[in-house]
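> Predicted model follows, preceded by the sequence.
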Amino acid sequence: MKRIRLTINDQLYERDVNEHRTLLHVLREEIGLTGTKEGCGAGECGACTIIVDGLPLNSCLVLAVEADGTTIETVEGEARSGKLSPVQEAFDKHHAVQCGFCTPGMLMTIKDLLRRHPHPTREQIIEGIEGNFCRCTGYEQIIEAVLDATGQLEQKGAITHA
C-alpha cells in the first residue's frame, strides 16, 4: 500500500492504494467517481479518458501511484452548480448521447480539443475524437454538438445527413 494525494475536480483526496491498482479503478471504486468508464481496459476505446495535469489520458493505463500529486479532471467536474457545460448541453440538444457509455471519455477528449482549438474545424474535431469509440451515434451528432457548442454550426450552415 502507498498513500497518494490527488486533486480531482478541485478537491483534494488522499488514499492508501495498492501499487498495482489503475487510476481508473481508484477513481471508480475507492473515490466513487463512477462517470469514468472502463471499456476495453487496454487504452484503445477512450471510455476512460480523463485529464491529468492538462493532458488527456486513458486512466486504465495509468497506475494510481503514478498519478500521485497530480491534478485530475473527470466528467463529474464538468457540470457546475447544477448547470451543464456548453458541450454537455450541445450533446443533449443534438442527441449525441445514446447509450452514454462513451460520453464521459468523449466529453473529456473534447474539453482538451477545445482548449487547444477553441473553434475547431470539422476535420480537427474528427481527428481530435478518433481515439474515442462510439457504437451508437455514428459520430455525426457528436461533431454537430461540438460545432454548436463553439458557435460554428450556424456559421457553417445546416449539416446534412448522408
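Perfect, thanks for sending it. Residues are numbered from 1 along each chain as shown.
> In which helix or strand does Leu113 reside?
Assignment of secondary structure by DSSP states H and E places Leu113 within helix 103-116.
> likewise Cys40?
Counting by DSSP H and E, Cys40 is found in no helix or strand.
> go on, the one 5 residues further on?
Under the assignment given by DSSP H and E, Cys45 is not contained in any helix or strand.
> for it, what are its contacts?
Contacts for Cys45 (C-beta atoms under 8 Å, 6 or more residues apart in numbering) come out as 39, 102, 105, 132-133. Bear in mind the C-beta positions are built from the backbone N, C-alpha and C, glycine included.
> do that again at 6 Å, thanks
Contacts for Cys45 (C-beta atoms under 6 Å, 6 or more residues apart in numbering) come out as 39, 133.
> tell me the pLDDT at it?
Looking at Cys45, its pLDDT is 96.
> ok, it to Asp53 distance?
22 Å (C-beta to C-beta, to the nearest Å).
> related to what we said a few turns ago, mind listing residues that contact the helix holding Leu113?
Under the contact criterion C-beta under 6 Å, 6+ apart, helix 103-116 has outside partners 35-37, 46-47, 49-51, 56, 75, 87, 97, 120, 128-129, 132, 146.
> In strands, which of these appear?
Counting by DSSP state E, the contacts of helix 103-116 place 49-51, 56 in strands.
> quick one: which of those has the most company?
Using other C-beta atoms under 10 Å as the neighbour criterion, Thr49 leads these with 30 neighbours.
> nearest residue to that one other than its sequence neighbours?
Closest residue to Thr49 apart from its sequence neighbours, by C-beta to C-beta, 6 or more residues apart in numbering: Gly105 at 3.7 Å.
> can I see the domain layout of this protein?
2-77, 86-152 (automatic domain parsing).
> Need the phi and psi values for Arg5.
Phi and psi for Arg5, reported as degrees, to the nearest 10, are phi -120, psi 130.
> quick one: contacts for it?
By C-beta under 6 Å, 6+ apart, the contact list for Arg5 reads Glu14.
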